[in-house]
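Asker: no FASTA, just this:
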Ligand code: BES
Ligand code: MG
Ligand code: ZN
């Protein structure tokens, strides 16, 4: 999908589908702008339909004989409550309503209320991302007829440059959505590693995949314990993006990569939707989606490591027993009192490995706890870090991207809940505060001199219903926030 601007405004535009965002407070002026194009027919019809620009309202007109074949009007509400998210939601509505109309979609929003560059990118991303549909597994799905290009009417030429980032970012989000949407028979640790190597090849990243044996040699007893009950071998994935010239910063992104989480002998039963646990590699999907975007955007000054300890949590005769004691690669012993708290075991060794690379900052993303879903729902991910500056930068990046992120407490006293009678620590504590003890568990495996943040995306990885720019299913949560943070988080 092509994105461009038309500084000449409506008069200079000659596309086929026109969409307008209407603010209640300037309803009349905005309609006066388009009325000449339709000889006075629009205002009257809108009055009949009671359309006044209320937020979320939408009206469409099929126009047969004119150059403009379809007119879409969306309400943006009152000008005082406008923000980028209003534009994202309205853009998603416009995009869905433009299905069936080929050619160019022209979008005219009241840009004067916004920072133009931010508004242009938010609108463009929302249009492309809301039109995403995963058709890989369906023989009967027809190709969707949709606009091939989008023109932002009335924005100045200089905005075109920032629009160049829209497609690389959206491609990363869509890759993450496809990875998460892939069922566990399709996306195995092996095929995840293959896809990672493919990205590395395409964008000239350094890459290595450690085998089970190599992980054993590194003493990754926590990670390998999780993988033991699976017939498919684990794959420890490490990609490196290097900028042109000398890097000023080094950061690492670590993603939980459970291609399926059955729970192990603490099998997921009852309310838990076990079939959805194909999405338990959501953290790694965000990491690879970000890698895909970064490969195209190629930011300066920053070296980025992408790390995934991929495996399955399954059950067979070799599977880990509840109560087993294992040793992680930093020497700490862990009593696995619950085999379903497997993500933190895989991340433990991934974080030790990553710490040895001595990056300035480590960020891990994981569908780690049901407790986080209970606390924050499916629109907000949880953020844990001891570093106030890093927290602020990540929150800024998330807010700019329109992704929900809320800082949660790193309550050190709750570490008591992880005390084990026999080992250095247990992998689970009490039910209450479960996402906090999970974060505290991870902290035990990060070198303390490195700034580290943990993002629990258990709720945000998936949406049952269409929500804003997310169609039902995998959301690709986190890619936009991370790309934004990588590009802006190191500026003063
Ligand atoms: N992958 C799950 C977490 C999860 C649950 C993600 C629901 C999305 C929706 C994780 O491995 C898990 O099973 N966590 C347990 C931890 C518990 C045993 C302490 C949980 O949250 O129930
Ligand atoms: Mg689990
Ligand atoms: Zn899990």
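Answerer: Here it is on my side, so go on. These figures come from a predicted structure and were not determined experimentally. Ligands and ions are numbered 1, 2, ... in the order given.
Asker: which residue does the stretch 101-250 of the chain bring closest to ligand 3?
Answerer: residue 226 (9.2 Å; CB to the ion). Where C-beta positions appear, they are placed from N, C-alpha and C, glycine not excepted.
Asker: does the residue in the chain that ligand 2 sits nearest to sit in a helix, a strand or a coil?
Answerer: Evaluated by CB to the ion, the chain has residue 340 as its residue closest to ligand 2, separated by 3.8 Å. Using DSSP: H, G, I helix; E, B strand; the rest coil, the structure places residue 340 in coil.
Asker: can I assume residue 61 sits in a strand?
Answerer: Yes: when three-state DSSP is applied, residue 61 is found to be in a strand.
Asker: quick check: which ranges of this structure have low pLDDT?
Answerer: 40, 65, 271 (pLDDT under 70).
Asker: please repeat the previous calculation with a cut-off of 80.
Answerer: 37-41, 64-66, 271-272, 492 (pLDDT under 80).
Asker: can you list the residues of it near ligand 1?
Answerer: Residues of the chain lying close to ligand 1 (CB under 6 Å from any ligand atom) are 261, 280, 338, 340-343, 367-371, 373, 428, 434, 458.
Asker: in helices only, show me those residues.
Answerer: Judged by DSSP state H, the residues of the chain next to ligand 1 include 343, 370, 371, 373, 434 as members of helices.
Asker: contacts only, for the nearest residue to residue 454 once chain neighbours are set aside.
Answerer: In space, and not counting its chain neighbours, residue 454 is closest to residue 384: 4.5 Å by CB to CB, 6 or more residues apart in numbering. Shown in contact with residue 384 (CB atoms under 8 Å, 6 or more residues apart in numbering): 407, 408, 409, 410, 436, 439, 453, 454, 455, 456.
Asker: rerun at 10 Å
Answerer: 364, 368, 372, 391, 407-411, 435-436, 438-440, 442-443, 452-456 (CB atoms under 10 Å, 6 or more residues apart in numbering).
Asker: which members of the residues you listed occur in helices, if any?
Answerer: Going by DSSP H, the helices hold 372, 391, 435, 436, 438, 439, 440, 442, 443 from these.
Asker: among the residues you listed, who's most crowded?
Answerer: Among the ones in helices among the contacts of residue 384, residue 439 has the most neighbours (other CB atoms under 10 Å), with 30 neighbours.
Asker: any idea how far it lies from residue 308?
Answerer: Separation of residue 439 from residue 308 (CB to CB, to the nearest Å): 19 Å.
Asker: what do you get for residue 343?
Answerer: Taking CB to CB, one finds residue 343 at 12 Å from residue 308.
Asker: likewise for residue 484?
Answerer: Distance from residue 484 to residue 308, by CB to CB: 21 Å.
Asker: who has more neighbours out of those two?
Answerer: Taking neighbours as other CB under 10 Å, residue 484 and residue 308 compare with residue 308 leading, 28 against 22.
Asker: ok, now which ones touch residue 376?
Answerer: 382, 383, 404, 405, 406, 408, 435, 456, 458, 459, 460.
Asker: what about those residues, which are in strands?
Answerer: In strands, judged by DSSP state E, the following of the contacts of residue 376 are found: 382, 383, 404, 405, 406, 456.
Asker: quick revisit: most neighbours among the ones in helices among the residues of the chain next to ligand 1, please name it.
Answerer: Ranking those using other CB under 10 Å puts residue 343 first, with 29 neighbours.
Asker: that one touches residue 263, doesn't it?
Answerer: No: the criterion here is CB atoms under 10 Å, and residue 343 misses it with residue 263 at 11.4 Å.
Asker: let me know how buried the spatially closest residue to residue 462 that is not a sequence neighbour is, in neighbour terms.
Answerer: Closest residue in space to residue 462, ignoring its immediate chain neighbours: residue 279 at 5.3 Å, by CB to CB, 6+ apart. Residues lying near residue 279 (other CB under 10 Å) number 26.
Asker: thinking again about what came up before, which members of the ones in helices among the residues of the chain next to ligand 1 are the farthest-apart pair?
Answerer: Maximum pairwise distance among those (CB to CB): 13.6 Å, between 343 and 373.
Asker: spit out the residues that contact those two alike.
Answerer: With CB under 10 Å, 6+ apart, residue 343 and residue 373 have common neighbours 367, 456, 458.
Asker: highest neighbour count among these?
Answerer: Most surrounded of the shared contacts of residue 343 and residue 373: other CB under 10 Å gives residue 367, at 32 neighbours.
Asker: in which helix or strand does the residue of the stretch 101-250 of the chain closest to ligand 3 reside?
Answerer: In the assignment (DSSP states H and E), residue 226 maps to helix 221-227.
Asker: how far is that helix from where the chain is centred?
Answerer: 27 Å (CA atoms, centre = their mean, to the nearest Å).
Asker: helices or strands next to the helix or strand following it in the packing?
Answerer: The helix or strand immediately downstream of helix 221-227 is strand 235-241, counting by DSSP H and E. Helices and strands touching strand 235-241, by 3 or more CB pairs under 10 Å, 6 or more residues apart in numbering; DSSP states H and E, are helix 189-203, strand 206-210, helix 212-217, helix 221-227, strand 249-261, helix 282-297, strand 302-313, helix 343-356.
Asker: dump those into a markdown table; add distance to ligand 2 as well.
Answerer: As requested, the helices and strands packed on strand 235-241 are exported to a markdown table (distance: least, CB to the ion, whole Å):
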| stretch | distance to ligand 2 |
| --- | --- |
| helix 189-203 | 16 |
| strand 206-210 | 23 |
| helix 212-217 | 20 |
| helix 221-227 | 9 |
| strand 249-261 | 4 |
| helix 282-297 | 13 |
| strand 302-313 | 6 |
| helix 343-356 | 6 |
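Asker: pipe these into JSON lines and attach distance to residue 159 per row.
Answerer: Shown next, in JSON lines, are the helices and strands packed on strand 235-241 (distance: least, CB to CB, whole Å):
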{"stretch": "helix 189-203", "distance to residue 159": "26"}
{"stretch": "strand 206-210", "distance to residue 159": "35"}
{"stretch": "helix 212-217", "distance to residue 159": "48"}
{"stretch": "helix 221-227", "distance to residue 159": "46"}
{"stretch": "strand 249-261", "distance to residue 159": "28"}
{"stretch": "helix 282-297", "distance to residue 159": "17"}
{"stretch": "strand 302-313", "distance to residue 159": "25"}
{"stretch": "helix 343-356", "distance to residue 159": "38"}
